[in-house]
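K.L.:
my questions concern the predicted model and sequence given below.
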Amino acid sequence: MSHALRFCPGIHIHRPIARYVCQGRATPRETLRNAGDLALWLQEAELLTPDAQPPTTAAALASGRRLRETVDRAVLAVADGRLPSSGDIALLNRSTAEAFRPAPQIAVTGGRLEPLRTTNLATDPAAALALVAQDAVDLLLSAEIRRVRVCGADTCALRFLDRSPARNRRWCSMSRCGNRTKVRLHQARTRQSGHTPQD
């Protein structure tokens, strides 16, 4: 599985990356505040080696933010049946051209020939961002793009792939947003019923 399907900025699949994307529907906030945040996000996404030097320039941070926003716009457009803008396509193509691609390898497993999983760990943030772009392009061209959803919680706007059999998942994570929403709604109903006159 590619990294983007797990960690593409704004796309939440397996692990929450909430502190690395702009959150909230009403008042989004920037959470890639500095170069250290960018390096930490790329390391936790398993795209950047732990000993890599964090980006030191404002340009590297701006590049990471720009790519995050481009991926988000493109993914939401394609998931909605629209084409991404020509500017977003150009930026994704420029970024993917810089991605390191390991040579494919094979192994024999159970008497069958299979592809050998390789890991793409970049040694610098620019190369790691190129991997994000490469994985975003893979997602945009895959059938799974139609399963991209936006979390239904009022305080969250994370994107996720709905892999539920009925394709009706509402929250990025049941433990993160689903339970909180259900508790909040239950408490509101309880308060409301407590104020209702009894027969």
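P.N.:
On my side now, so go ahead.

K.L.:
might you report the residue contacts of the residue nearest to Leu161 when sequence neighbours are not counted?
P.N.:
Distances taken as CB to CB, 6 or more residues apart in numbering place Arg147 nearest to Leu161, at 4.8 Å, with adjacent residues excluded. In this view, the C-beta of every residue, glycine as well, is placed from N, C-alpha and C. Applying CB atoms under 8 Å, 6 or more residues apart in numbering, we find Arg147 in contact with Ala79, Leu161, Asp162, Arg163, Arg167.

K.L.:
residues contacting Ala99?
P.N.:
By CB under 8 Å, 6+ apart, Ala99 lies in contact with Asn120, Ala127, Ala130, Leu131, Ala133, Gln134.

K.L.:
out of these, which end up buried?
P.N.:
Asn120, Ala127, Ala130, Leu131, Ala133, Gln134 (16 or more other CB atoms under 10 Å).

K.L.:
for Ala103, see how far away the last one is.
P.N.:
What that stands for is Gln134. 15 Å (CB to CB, to the nearest Å).

K.L.:
how close does Thr190 get to Met174?
P.N.:
Thr190 is 21 Å from Met174, where distance means CB to CB.

K.L.:
more neighbours: those two, which one.
P.N.:
Met174 (13 against 9; other CB atoms under 10 Å).

K.L.:
how close does the more buried one get to Leu67?
P.N.:
The value you get for Met174 to Leu67, if CB to CB is used, is 29 Å.

K.L.:
let me know the secondary structure of Val108.
P.N.:
Val108 falls in the strand class when you classify it by DSSP: H, G, I helix; E, B strand; the rest coil.

K.L.:
element containing the nearest residue to it once chain neighbours are set aside, please.
P.N.:
Of all residues not flanking Val108 in the chain, Glu114 sits nearest, at 7.6 Å (CB to CB, 6+ apart). Assigned by DSSP states H and E, Glu114 falls within strand 112-116.

K.L.:
kind regards, and thank you for your time.
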